[in-house]
Every structure is written in structure tokens, then in C-alpha cells.
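Visitor: coordinates only, no sequence provided:
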């Protein structure tokens, strides 16, 4: 029995990835434990000459001051911090060394000079790595402080670099060095600066700013010109970035208001509880994540239909119990639905506590899409933008192509006539209200990815949603789309100059004034359908 | 005197209970005041100063409800932003009270209120000038809400924004004000609003006598506003207003400039709300941007709906009842109040479209019908 256990342990140890280093490298590393600080740069050079990518973790540990050795047998160790407890791991085979206290180990020294050398070594090692991203990061790192040596390394590697974008970045780094180096002829430096004008890297910009003070006046003016060009394109990208944020806010507004547009447009019902339908959708997302904590990445695919059902069913219930009894009395409906919104808020407060709930973002939605060094779009906003458009298209298709859509349009144009033609208007009302509420629920799923989920979530969006619907023209889906994006973009472009609050106020005031001129919104209903 | 009574009785049909109501209101006020000031604390009829303040607050709310009822019940304009006029009146009074603090503030600056010193402001903003004069502040308390109502109403009614649109616009109006008053740069104390008041017209705000005086003033003004409103609404102007409510298009075709009637009624209503706000602040001791929040304005509407819209007394009764219920409810089960308020909204709109006054009228007409039935047997 004991034997089998030991055998198993052996296998286990074997499966752990270990550094299969050449004997020579191992002995070099071992010597580090005895070396003086002054000898270390020399040894580092020797280690680098081995050109072993697998040494990178050890170098990094050294750089961070986490490389240790055991006092008694000089075994190399890496200090790791896991959950605030400190562990020492063998540098070669990753085995955890149990019960080692800080008294039994000694740190391998590192000073600023060594750190600089280590960074260079790590970068050079990465440059020859097989991983493209690693190489790219290495070039970018090197760009920060180029010297003759790294320049030579880059120059050697440049022709053989297989990846085009890494190659371009290498060229940028090389050009930066050439441009700064006064030993090169003026024409070479000028062409290098010309190349640099295409780059958006921070280090290039800093380098060019330095160059504008150059003793060579021609080079200095060329650098200034290149800098202006870069600043222009940075501004252009900043504009794109702002536009994206505006579109993102617009997509949220679209999701929040489109359900309202349907119920208001078709039934003439102002649903003050619409914000709470959004809130219900957000809480559904939260509950779904509670139910399937190990599958957060997939939870959203469950949450979307679930939220649609929960909010949609709630909408149908509200319609059947309250709204259908208040037919043709829009102001009373407004009050009654406001009462419902208060009840729903308090209900959520009682069940889930008044505190905000955190909904986690699936891994595939987090992160950002880096287009270039100055422009990166966050993925979750990008997905929500796409999602909002998808929902919009689906809704348009439902209203234009399905039997329900036909009935809904008939009822919205002439309720009595539709009834006379045999349309079950009551059923249509319930379905419309359910559809509008269900879409609010879906909006809640999207919102839960952007903000905290709390009982006041709906309140925060309801007034904006009304503004969108009124601005766009009631019952007009296209108007809602245009209005949502207009308001979103206007808000985001006003914000930097006026501040968020004043931007919101200005938009509100603008809509109040706009309504004076066009009381029926951007796209009023025309023809017989209009009252 | 008799001519005065007959003047007030002019609109007999809808206002037949107005005079008795005013008499009851004023006598209750006097009774409560006397019970507070003259009776010893051990007496079972003693009314605590806390209750006096609470009653004064209810009466302010009643006046606010009256303002909403004038415009909603008689003209069909559902304003979801009357809290804004109330708060503006309150801020005018708050500014006066703030200036009365003088150098007794935390920073001891005789001119600048504490929050301005805190924000490192060097001089008083222009809109604070003159606010140390009571008469000027009181003029502002009615002029500012009135002016806002005039501009908003003139823009809205002229371009015929009606119904739900108008409701949403008024809500947006109060929301925009809420956002702006939250800003420190506005010069109204930002998030914290105006508070720490010391005295009004030289009288200590904490003393019983001042509180009773404020309470009586509120009751008197409420009575006055009720009587004047009753008179206005039963006059020819009131008749036109009712016509606008029932069919604006027809009234316009007959030849009335309906938007003018609406604008003036809206301004009148806003002024009343401003007065209510000015009376409210010294009794409560604070005014902050929360008063602008849309939910407050919607709550006012429900007071009116509970009492019965289109009957001035109904609005007052509704405001008193709902606020009393709120005080009791939030004391017993603080979390339950929103449930209760929400249910009130739904139930009143579903089952009591004419409010409690309407219910009373229904019961009475039923009883009369049964009496006549019995008599005919």
C-alpha cells in the first residue's frame, strides 16, 4: 500500500511542469547564490547567452525581488504570494517547499542597475520568443529606452520577423532611435521622422517632443510637423472614442425606451412602471447567476429569455389586472402604473435588500478591443450596441411580418374598426403590453452589465426613456431609434465641456423647447392614423 | 359682513361646504394652539409642540394639494412638477432664513452662509442680494414660481402640448431643477440644501410661540387661499376653465383664447404652491433638492386623487389624510409605506375615480334615492 502511494506521488511529481534546463545553465544559476552584486551583471550576460526562453519566469522573479535561496543547501526558490500567505517554490521543478520560514531563506540581491539590465534581458529574450504577442509587447517595452545595444539587436531581428505588425513596430522603434541619434545624416533622420508620423505610440510622441528641441533646426521642425500630424490623428481617434460612448449610451436608451414606445404608441398607455420592468430584468440576471455560479459565461444566454419571460408575464398581469380597466383614461393609467412601480420597487427591496447587487460580466464580454494605442473599445459596450440593434430589428420584423404585428398595427390605427373586423383587441393589448415589458426586461439584462443592480435602477432610466419616446414621435420605432442615438451622442459630446449634470439638464431643456416646436416629435404619425 | 358672506357664497353649488369647512379649520387651529400654549404638559388635552409643527406641515401640504387640484381638477392639466414651484418658494424662504443666521454660523461669517464659506466663495452671488429683507424674500417666493410657471405654461399651452405630453414635460422640468440644485455651483447649498435656521423676523424658530404663530399663519393663509380660489373658480373665469377641461377644442371654437385661461390658472396655482413652500420651510427647518424629485410631485397628485379632484375641500382632506397615514405608517412599519402608497395609487384610480368626496356624494345620493323610494311607497 505504502509503495503504491509512493509510486503515485512519483508520477504526480513527474507531471508537474518542470524546467528542463541544461546542466550548465543550472550551475550558472546556482552560482548566483554565492555571487556578489558586482559580479552579477557579468553572470546575467552569460545566462542570457544561453538564450533559453524558459528562464523568463526566474528573471521576472529576480526583477521583482522574489528570487530566494535556502540557507543550508542553496536551493533556488521563488517566493509566491497566494491569498496573503507566502509560499516558497523550487525554481526548477515548481515543487512547493513546505514549512520554510523567512529565517531559513535568503534573497538574491538586486539593485537598480541590475533591474535595468534584467529588463533588457527579459525584453531581448521575449523578442526571440515564439509567441507573437510576447514579441510585440517586448518591442513596445524596448521603445521606452533604446540604446545602441538594443538597437543592434532589433536591427538583426527585423528582417527575419515573420509577423507584419511586429515588424512595423520594430521599424518604428528603429526609426525612433535613428531620429534621435545625431550621428546619422540629416536626410536619414528626416525620413525616420516621416515614418514616425504614422505611429500613435506614446513613446514615439514623447521622443518627438524631445526632438523638437534638437540642435538641428531642420530636424526639430520636421519633428514638430510629425507631432502635429500625430496629434491630429489622436484627436480624430478621441472623436471616434467619444462617438462610440455616445452610441453606447444611445443603445442603452434605445433598449430602455423601445418597449415604452410600443405600449405608448399602440395603446396610448403611459407605463410609469416601465423602469421597474427593466429592474426586474436586471434582477433576473442576478438570480440566474446565483443559480448557475459555475457557468457565468453562459448565464447570459439563460438570462435573456428568462428576463423576457419574467418582465413580459408581469406586464401581462399588470395589463389584465389594472390597465384594461382604465381604458381611455391615460392620466389615470399613469397614476396607477406609478403605484405599481412603487410596489415593485419595495418588493425588490424587501426580497433582495436595498443594497446594490453585483452582476458579474461573462469573460467573453469583459476586456476591450484595442484598435491602436489611443483607441480601445470596451467589449461589453460593443456587444450591447450590437444587441440593441438586433432587438430593434427583431421588433420591427415582429411588427411588420407577424400576425400579431398586423393586429397590433390595426389596433393602433383604429381600435374600433379593428374590433369590428374581428380583432380581439383585449388580447392584442395584453400581448402588446407583454411584449413591451419583456423588451424592458431584456434591457435590464444589458444594463446589469454596465451598472449596479439596485431597486432604483428603473427610476434612473425612466425619465430619459420618456424623453426619447416623446422626442422621436410616439409610436414610431424609427423615431425612437434616431432619438435614442441623437440624445446619447449629444449627451456624450456635451459632457466634456459642461460636465455630466449640466449636459443632462441641457438635453432636458432642449427637449422641452423642441416639443414647443414639434409637439408630436421628430417623426409624427401622418395620415388617417393621426388623431 | 353679510355682503362678504354672500360674496363668498356666490358659487353655491360646488362651494356650499366651503364656509363651514373654513370655520371648522380655523376653530381647530385655535383649539390646538390654545391647548399647546395654555395647558400644562400633564393635561390629557395638551398638544405637544411636535404635533403643532406636524399639523402646520400638513396644512402646507394641503395648500400644495389645493394648488394641484385647481389646475388638475378644474382645468384637466395633470402637473407632475408642482413640487418644483413648492420647492422654489421654499428656497426663497430658506435664503431669507439663511441670511438671518448672520455670524452665528459655524464659520461666523456675517455675510456668507456656511456652505459658501466652505466652498471658498468670496462674495454673495447676485441672486442672493436683497434676500436678507423679509418682504423681498416673500415677493421672490411668489414671483419666481409664478414666472417659471408663466414661461413654461406660455410655451407649452401656446403650442398646444396637452395630456400625457404635458405631464411628462412638467416631470422633466422638476427633474432638470433637481439635477441643477444638486450642483454646488448653483449657490443653493448643493446636496445639503439650506438648514440650521435660527430665527424668523427676530423670533426664535425653536420657541413654542413662534411655532404656534407659524401654524396659525398657515391655517389662515390656507383658509384665505381656499376662499379666494372658490370665488375665482365659481366666477365666469372658472366656468370657462371647466369648459376647457371638458372640451378644449369646442371652447376654442366658441372664441375663447383657451391658452390664456390655462396660463393664468397655471401661474395662480404655481404661486399658491410657492406660498405653501415658503410656509413649509421655517416649520420643517430644512429645504434641499430632494423636494424637486419627481416622486414628490406625483405624491401630491395622489393626495388630490384620494380626496377627490375638482373639489377644493377634497384636495385638502386628501392631503391631510394621506400625510397622517404616512406619519403613522412609517412609524409602525417603515418598509411598508411604499407598498401602502403604491396600493393607494392603484386602488384609488381603479375604484375611487372621484375620491372620498365623490364616495360621500354617491352614498348620499343613494340614501336620498332610498328615502324617496320609501316615501313613494
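Guide: Alright, I've got the coordinates. Here the structure is a predicted model, which is why all the values come from computation and not from measurement.
Visitor: phi, psi of the residue nearest in space to the middle of chain A?
Guide: Centroid-nearest residue in chain A, with C-alpha atoms, centre = their mean: residue A:378, separated by 3.0 Å. Backbone torsions for residue A:378, taken as degrees, to the nearest 10, come to phi -70, psi 140.
Visitor: can you pull the pLDDT of it?
Guide: Note on residue A:378: pLDDT of 86.
Visitor: for the residue of the stretch 251-400 of chain A found nearest chain B, which non-adjacent residue is spatially closest?
Guide: Residue nearest to chain B within the stretch 251-400 of chain A (C-beta to the nearest C-beta): residue A:339, separated by 2.4 Å. Bear in mind the C-beta positions are built from the backbone N, C-alpha and C, glycine included. Excluding its sequence neighbours, the residue lying closest to residue A:339 (C-beta to C-beta, 6 or more residues apart in numbering or on different chains) is residue B:345, at 2.4 Å.
Visitor: now for the one helix or strand the residue of the stretch 251-400 of chain A closest to chain B maps to, which elements pack on it?
Guide: Per DSSP states H and E, residue A:339 falls inside helix A:330-352. Packing partners of helix A:330-352 (3 or more C-beta pairs under 8 Å, 6 or more residues apart in numbering or on different chains; DSSP states H and E): helix A:274-291, helix A:296-321, helix A:457-472, helix B:163-182, helix B:294-307, helix B:337-351.
Visitor: can I get those in TSV with distance to residue B:76?
Guide: Listed next are those as TSV, based on distance: least, C-beta to C-beta, whole Å:
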stretch	distance to residue B:76
helix A:274-291	24
helix A:296-321	25
helix A:457-472	19
helix B:163-182	9
helix B:294-307	13
helix B:337-351	16
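Visitor: can you add mean pLDDT, distance to residue B:81 and mean neighbour count and give those back as CSV?
Guide: Formatted as CSV, these follow (pLDDT from 0 to 100; distance: least, C-beta to C-beta, whole Å; neighbours: other C-beta atoms under 10 Å in any protein chain shown):
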stretch, mean pLDDT, distance to residue B:81, mean neighbour count
helix A:274-291, 93, 18, 26
helix A:296-321, 93, 25, 20
helix A:457-472, 85, 11, 26
helix B:163-182, 87, 3, 23
helix B:294-307, 90, 5, 26
helix B:337-351, 88, 18, 20
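Visitor: so the longest helix along chain A versus helix B:163-182, what angle?
Guide: Counting residues, the longest helix found in chain A (DSSP state H) is helix A:217-267. Between helix A:217-267 and helix B:163-182, the angle comes out at 140 degrees (axes from the mean of the first three to the mean of the last three C-alpha atoms, to 10 degrees).
Visitor: which residues are in contact with residue B:43?
Guide: For residue B:43, the contacting residues are residue B:35, by C-beta atoms under 8 Å, 6 or more residues apart in numbering or on different chains.
Visitor: pLDDT score for it?
Guide: 81.
Visitor: Three-state assignment for it, please.
Guide: With DSSP: H, G, I helix; E, B strand; the rest coil as the basis, residue B:43 sits in coil.
Visitor: buried residues, the helix or strand residue A:443 falls within. List them.
Guide: Using DSSP H and E, residue A:443 maps to helix A:425-448. Going by neighbour count (16 or more other C-beta atoms under 10 Å in any protein chain shown), the buried part of helix A:425-448 is A:425, A:428-448.
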